[in-house]
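**Student:** would you be able to build a 3D model of this:
(chains A, B, C and D)
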There are 2 protein chains.
Amino acid sequence: MPENPGIAAALVRLSFLVQRHYAQICAQHDLSPAQAELMCVLKDQARGLTELTRMLGVERPGLSGLVARIERRGLVRRETNPLDRRAVTVALTGRGKEITDDFYAEVSGRLRQLVAHLPADQQEQFTTTAFGILLAEEVPPIFGDAEEPGTTS
Amino acid sequence: MPENPGIAAALVRLSFLVQRHYAQICAQHDLSPAQAELMCVLKDQARGLTELTRMLGVERPGLSGLVARIERRGLVRRETNPLDRRAVTVALTGRGKEITDDFYAEVSGRLRQLVAHLPADQQEQFTTTAFGILLAEEVPPIFGDAEEPGTTS
DNA sequence: TATTGTTATACTCTATAACTATA
DNA sequence: TATAGTTATAGAGTATAACAATA
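**Tutor:** From the prediction side, this is the model:
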């Protein structure tokens, strides 16, 4: 029987655990999880609003408000496209970039600590399996490079 | 070097992926993620409010409102303890139990589908690693049995 | 007309502070 | 006094519906 009864509980609990750490680091940086997610998506490139609704999985009005709130804090900037004056692009400001880099590094460090007690080969196997799931689901690069895990270089 | 650069991104993205599926199934059952989480915790036993704040990681006032909203919908019931008249216990009603069982089964099924394309031994290895992380972090049984994964019976 | 965004509205979630009741 | 909960308040997140501007 290919059914694995424990894997669902493992996935759910692990996701809540990661979200809890994520949220805690957000709070330390005075960011909400949604704000942090947006900023991590913008970390390496500016994005259009429509593109962001797809990547973040939120509706337009929600994104509109989300951007407005961090724009008000000077962490993000709206840019208009002269070619299509309806379109809006969002980019991090200098200060937004700093905060995002800090946040990103801290989350990465915390999660690596989380698995630090596991043998290296088990970590690698786990990462490979996780990316196997993510690739099949076409999960957007919400966090980390768009590149693949194999790039351990 | 024991550093695994991809594992943090894997954990974050995977957690968002699971949360997305979880939230979608919540919506199908007309539940918010927080409500569903509470109900899954109550699935097999009633719990005290203080205990629930620890398990769910929320403050008392938040839990108070959360319970009030699903109580109003008849899915949950408050019970008082005659021995300590300050204490309150929360339990699922019959209808709450039905909905929770449905929800639980659907989430389990969906997540098993998510990994169905992976070979069985890779699924098992993944589950083992995940529980290794969860045990080390003492994550409460938010979803699934309090028992261990080895119980594949 | 179709698309891009924003505004209006309503509800849930969640934190802090202040309060009530019981121990 | 200390503990268990609730109420008050405020802000964030997010959905739907209605609107404005541009294509």
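
**Student:** in chain A, which residue sits nearest DNA strand C?
**Tutor:** For chain A and DNA strand C, the shortest gap (C-beta to the nearest atom of the strand) falls at A:Pro61, measuring 3.0 Å. (Glycine included, C-beta is placed from N, CA and C.)

**Student:** sec struct for that residue, please.
**Tutor:** Of the three states, A:Pro61 takes helix under DSSP: H, G, I helix; E, B strand; the rest coil.

**Student:** and it, what does it touch?
**Tutor:** Going by C-beta atoms under 8 Å, 6 or more residues apart in numbering or on different chains, A:Pro61 touches no other residue.

**Student:** close to DNA strand C, is the lengthiest strand in chain A?
**Tutor:** Criterion DSSP state E: the longest strand present in chain A is strand A:84-92. Yes - Strand A:84-92 is in contact with DNA strand C by C-beta under 7 Å from any atom of the strand, via A:Asp84, A:Arg86, A:Ala87, A:Val88, A:Thr89.

**Student:** wait, the fourth one sits on A:Ala46?
**Tutor:** Right, A:Val88. No - if you go by C-beta atoms under 8 Å, A:Val88 and A:Ala46 don't touch, sitting 10.4 Å apart.

**Student:** these two: which has the busier surroundings?
**Tutor:** A:Val88 (16 against 13; other C-beta atoms under 10 Å in any protein chain shown).

**Student:** partner residues bridging that one?
**Tutor:** A:Thr80 (DSSP bridges).

**Student:** check contacts around it.
**Tutor:** Applying C-beta under 8 Å, 6+ apart to A:Val88 gives the contacts A:Gly48, A:Leu49, A:Arg78, A:Glu79, A:Thr80, A:Asn81.

**Student:** pull out the buried members of the residues you listed.
**Tutor:** A:Leu49 (16 or more other C-beta atoms under 10 Å in any protein chain shown).

**Student:** so which of the contacts of A:Val88 would you say is closest to B:Gly6?
**Tutor:** Of all these, B:Gly6 sits closest to A:Gly48, with 27.3 Å by C-beta to C-beta.

**Student:** I figured the closest one hits A:Ala87, correct?
**Tutor:** Yes - with contact defined as C-beta under 8 Å, A:Gly48 and A:Ala87 form a contacting pair (6.0 Å).
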